[in-house]
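# Starting from these lines, generate the structure:
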Amino acid sequence: MTAFPSIQAALDANPGKMLFVPDGEYSLTDPIRIRHSGSGLYGFGKLVQQNTNSPVIEIIGANDVRVKHWIWHVPEHNCTPFRFDNGQEPDDPPLRDVLVTGNLVYNTGRDGVLTNGTIEKLPPHYRWAVFISRESGSPVGLKFSNNLFAPGTEGISNVPLE
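Here you go, the predicted structure:
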């Protein structure tokens, strides 16, 4: 991983492989795009999306993707930490067989934020921790295991999780 300038560059150079990303905080302005089947990320870092209009990770046209052991942080905006959409192009096959395991989506405001000398509890900055499209070409076979998702303003997910 240290031989590459970014997580995205490492993924692109190693299609179909699981990449270990060392502990640390990783500031993002664009989503990490997983484009190859069998690819994925694992590690104990914290992914911090700075772009108010961007998800943390996009999985595009890839199957059998794994994302494990991450702490996700979304700044003050209405982004969704885990967003699984239908294909970006009409000829994209639906996303299938993705395992999401060992991740933490944490709402830092729930423990309280010190504002003008008093502790103020803040609502989450996202509607759902997980959004799964139900349109034509939507993902199938998504599996969630051993994750801790703090509910957003409308719950953990827009659909029941398997």
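# Quick check: bridge partners of Phe149?
Taking DSSP bridges as the rule, Phe149 bridges to Val105.
# oh, and call the first residue 21 from now on, that's how I've got it
Yep, numbering from 21; the last one is Phe169 now.
# Let me see the contact set for it.
101, 123-125, 149-150, 176-177 (CB atoms under 8 Å, 6 or more residues apart in numbering). For the C-beta atoms, the positions are set from N, CA and C on the backbone; glycine is no exception.
# Could you measure from Val133 over to Lys141?
From Val133 over to Lys141 the distance is 8 Å, taken as CB to CB, to the nearest Å.
# ok, and the helix or strand in this protein with the lowest average confidence?
Within the chain, no helix or strand scores below strand 91-93, which has a mean of 60 by mean pLDDT, DSSP states H and E.
# Give me the helices and strands touching the next helix-or-strand element following that strand, please.
Using DSSP states H and E, the helix or strand that directly follows strand 91-93 along the chain is strand 102-104. If contacts are counted by 3 or more CB pairs under 8 Å, 6 or more residues apart in numbering; DSSP states H and E, strand 102-104 sits against strand 77-79, strand 150-152.
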